Each structure stands twice: as C-alpha cells, then as structure tokens.
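J.: Give me a 3D structure for the following:
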Amino acid sequence: MEKAKNLILKWPWITGLLVAVVAGGFWYFMRTGAETPVDYVLVERGTVSQVVSVTGYVKPAGNVDLSFEKGGRISAVYRAVGDRVGVGDMLVAISSGELSAQLAQAEAVAKAQAAKLAELRNGARPEDILVSEVDVENAKNNIVNNIKSGYINSDDAVRNKVDQLFSNSRSSSPQFNFTVSDSQLKTDIESERRAMESLLASWAVDIAGAPGAGDLTPFISVTKNNLLAVQQFLDKVSLAVNALQPNSAVSQTTIDGYKAAVLAGRTNISTSLEDITASQEKLRTAESKLALKKAGTVKEQITAQEAEVESAEASIMNLEAQLAKTVIRSPIAGIVTKQDAKTGETANAGIVLTSVISDSKYQIEANIAEADIAKIKIGSTASVTLDAYGNDVIFTATVTKIDPAETIVDGVPTYKTTLQFKENDKRIKSGMTANTDISGARRDDVLFLPGRAISGKGSAKTVTLIEGEITREAAIETGLRGSNGNVEILSGLSEGDKVKAN
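T.: Residues are numbered from 1 along each chain as shown. Next up is the predicted model:
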C-alpha cells in the first residue's frame, strides 16, 4: 500500500488516467445499457410461393371414370376409345356459350371497377378541376342572365301590358281607368302601381351592380322578392280585368285584349321565377362537385371501391370455375377405355361418359385440410420423398383429382386428393409413406416482407417504416402470402426499406 502511495505521489498523472478509464467505462456501460436496439426487417426482392405439405400413401393406380357435374348439350368429343391421352387433355365438352358471355361481361365490369379505383386513388386531375370551375362560372353567368331577364319581364308586364289600363301610370297618383265593384281592390291596385314604379327603378340600379362572379346570393334574393311582388300585383289586376263588362266605353274585344296582355305578363313572371330557382340549383350542384374534387377522395371511398374490385374479381373466378367444368379433361396419362359421348346429345350430371386407364402403376392418395385445399388445383406439381429412401431421393408427381365432397378425419374436414407419379420407378411400392410438397401459387421477382411485420385487417394493411431515427406508419397493399410466412408487397414500399418487426 505504501509503495502504491509513493508511486501515485511520484507520478500523479497515473491517478488522472485511472479516473478517466473508470469514468469512460461507466459511461459506455450506461449508454449501451440504456439503448434498446430496434428489431427490424428489410424489404427484399425474391420469390413468394405457397407449398402444401401433406403425408399420403402409395396405392396401385387404376382407371378413372369421368362425368360432368352439371348437365348440358355435348358440343365436342375429342378422344375415342383406344386413344392415348396425357394429363389435362380434353376428352368431352358441353356447350358453354352463355357462361363465356357472362365471363366476358364480368371481366368488363372488373376492368371498369379497377379503373374507378385507380381514379379514386389518384384523385381529381387538374383538367377535371378546371372543367368544374368552368361549370361553376357558366352557372353564375346563367343566374345573372336570368336576373336580367326577370327584370325585363317585370318591366314589360307592368309598364307595357298593364299600364294601358291606367292614366298617369308613372306618376305619384296613378288612376285605374275602369270601375271595379270592389272599391278596396281598385285602391290596392292603384297603390301597388305606385310601389311598382319605385321597385323597378331600384331594381335597375341593383342589376347594374350585379357581379359576373362572386357571391350572387343577395342579388338572387332581391330578384325573387321583386318577382313575387310583381306577381301579386298582376294577380290583383287580373281579378279586376276579369270582372270587366262591355259597355259603350269599352268593347268585349278590347276587354279580351286586356285579359290576354295581363295573362301574358303573369306567365312571363312565373317563368322567370322558375328559371331563377333552377339556375340557383345548378350553381349549388356545380359548386358541390368542384368542392369534392378539390377535397380529394376519402379513405372510406377507396376502401369501398376496393371491395367492389374484389367482388368483381371473385365473380370472374367463379365463372372461370364453372367454365372449366364444361370440359372433361383427363386427370391422368393413359388410354381411353370408354367413350359414350356423342355430339349433339344431352349429357346428364353424374352419369359416367368416358373412362381412362392409367399408364402408371402407382399413385398417391392424401387428405388435405380445408385451409389448404384452395391453394392447389388439378395439374399442380409436387415433390415427393418416400420414407424408405430418405429425403435425398426425390420423385415428382401431379395432382390429378380432388374429391368435391369432404372427408372427416379426426373431426376435421379434409379433401381426398390423388397425385400421379410422372414416371414409373421400380423403387415405388404400394403402401409406402409419401411425404408430399405440392406447389401452389408462386410470384417471382417481387418485393416481400415477413408477415409478422404487417398490421391491419382486410385490405387496410400498414407497417412501421424506419427512416433514420424517425418511424412512421405507412399504408401498403399486399398480395400472395407464402407458406414460409413471407407476404408479397404490391405497393407502398421499396426494396431495402427498413420496417419494424412486430
């Protein structure tokens, strides 16, 4: 201890060095201990595929009897007894013209729905907004023209068509020239004629100041009120004129002329009111369309349209499936041993028409779970290993048959599936256990992410995108989900992007 103390006194810089080392170590420990590394995955490019793995058993291959699921008129017979056929070769077909037409229509609908979805995602184009702006401008100009027309019709009705019934019509004391049994009606007519002169003069000033654009609401309101006032005045004049009787001072012909003039004035005023109301509604519609285009598409509209696209695509798949059932294809390679189909005859559902005996000696039978059956189809290829030879010896096979009815295995619905070995091999024996990997859908050269990095349900999928020290939520579109958990990315991400792993 004394020796160490002397050493420190002799070289004091050693003390500072030790303190620095200890402090640095403590800081590093605290820093590394406080930071929790973010678990992330990279968006990669490659292959996403579905593989259905199932264990089956080798059985002797035999012949298959084939029939239509639905009846119909036979349109073609492609193979006769004794002909050699391969997997997928056509044997018999029934008429499918109606289904083909429905499929073409469904494809057209799907294209239209997809185009509408693309339009919603892209939002309104500048050209569309410009067109809507022009529509608004035209609607405003139409209102201004109708306002002016309303004034002209009112001026004509009062100062031309009605004033022939008055003396001093534009003075402060207009006189109705005829005796009216209802004295109050005559007084009202004369009083309102004086008010009409003031109304028309004020209205002319308002029209001169009406803008070609901007807010026309005040001018529309004034115009409607003025037209209604003129209409009420003409209604009272009409009552007085209709009560006139011919005498030495006025003939029936003259009275009829007065009636026609007043009726024409009333008709023109009613038309002006209707025109103003209609043009106002057109302006509201044009302004609403412009506002919607400028606001853009809401998320709910896009989601709803995505559902429409999916529905249209499902209709296509359904019709394609029905169309496929109008043709009997050989599920195995072999020789036709029966062909009862004749062109023009009607085929009944479930009645065996043709049979094929297999060239191969053995085939595989396996029960595939309900969750996986949609991933495979007739003609899907498979890699097979047999327990007897280990995993290094691989055989190839093709799906030749999928039972339409389920088979319950341990309480779980399954579908018996038959696979045909592509080549005869002496090593294959009946009863062997066959470990089978059936290839389903496959996408090459696509972007993908592990499914655990993706959140959301239905078509609304999101990921947490890492950009330097910032993270943000990003909407994406997904495609095929692979058997290994990888999911195809259709849009929203680029190769090399960092995404937080959930």
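J.: And Thr285, how far from Glu137?
T.: 14 Å (C-beta to C-beta, to the nearest Å). Just so you know, the C-beta spots here come from the backbone N, C-alpha and C atoms, and that holds for glycine as well.
J.: Repeat that for Thr303.
T.: From Thr303 to Glu137 the distance is 34 Å (C-beta to C-beta).
J.: Please name the bridge partners of the nearest residue to Tyr78 once chain neighbours are set aside.
T.: Among residues not flanking Tyr78 along the chain, Met90 sits closest, at 4.6 Å (C-beta to C-beta, 6 or more residues apart in numbering). Taking DSSP bridges as the rule, Met90 bridges to Arg329.
J.: go on, Glu467?
T.: Ile470.
J.: what's the neighbour count on it?
T.: 10 (other C-beta atoms under 10 Å).
J.: quick one: pLDDT of it?
T.: Looking at Glu467, its pLDDT stands at 89.
J.: Kindly report the same for Leu18.
T.: 55.
J.: swap in Ser459?
T.: Ser459 is given a pLDDT of 69.
J.: What are the phi and psi values at the spatially closest residue to Glu477 that is not a sequence neighbour?
T.: Spatial nearest neighbour of Glu477, excluding adjacent residues (C-beta to C-beta, 6+ apart): Leu490 at 4.0 Å. Backbone geometry at Leu490, expressed as degrees, to the nearest 10, gives phi -90, psi -40.
J.: Let me know whether Leu490 touches Leu480 as I believe.
T.: No. Assessed by C-beta atoms under 8 Å, Leu490 is found out of contact with Leu480, at 9.5 Å.
J.: rewinding a little: count of residues packed around the residue nearest to Tyr78?
T.: 14.
J.: next SSE after the strand or helix carrying Gly46?
T.: Assessed by DSSP states H and E, Gly46 sits inside strand 44-60. Later in the chain than strand 44-60, the nearest helix or strand by DSSP H and E is strand 63-66.
J.: For the strand holding Gly46, list every residue counted as buried.
T.: Val48, Ser49, Gln50, Val51, Val52, Val54, Gly56, Val58 (16 or more other C-beta atoms under 10 Å).
J.: List the pairing partners of that strand within its sheet, with orientation.
T.: strand 362-369 (antiparallel), strand 433-450 (antiparallel).
J.: Using PDB, write out the CA atom coordinates for that strand.
T.: Provided in PDB are the C-alpha atoms of strand 44-60 (Å, rounded to 0.1, in the frame of the first residue of the first chain):
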ATOM      1  CA  GLU A  44     -36.400  -7.800 -50.100                       C
ATOM      2  CA  ARG A  45     -36.900  -9.000 -53.600                       C
ATOM      3  CA  GLY A  46     -37.400 -12.600 -54.500                       C
ATOM      4  CA  THR A  47     -39.900 -15.400 -54.700                       C
ATOM      5  CA  VAL A  48     -43.100 -15.800 -52.700                       C
ATOM      6  CA  SER A  49     -44.700 -19.200 -53.100                       C
ATOM      7  CA  GLN A  50     -47.300 -21.400 -51.400                       C
ATOM      8  CA  VAL A  51     -46.500 -25.000 -50.700                       C
ATOM      9  CA  VAL A  52     -48.900 -27.500 -49.200                       C
ATOM     10  CA  SER A  53     -47.100 -30.200 -47.300                       C
ATOM     11  CA  VAL A  54     -49.000 -33.400 -46.600                       C
ATOM     12  CA  THR A  55     -48.300 -37.100 -45.900                       C
ATOM     13  CA  GLY A  56     -50.000 -39.700 -48.100                       C
ATOM     14  CA  TYR A  57     -49.700 -43.300 -49.100                       C
ATOM     15  CA  VAL A  58     -48.700 -45.100 -52.300                       C
ATOM     16  CA  LYS A  59     -51.500 -47.100 -53.800                       C
ATOM     17  CA  PRO A  60     -51.900 -49.000 -57.100                       C
END
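J.: quick one on the thing from earlier: what separation do you get for the residue nearest to Glu477 and Thr478?
T.: Where Thr478 is concerned, Leu490 sits at a distance of 6 Å (C-beta to C-beta).
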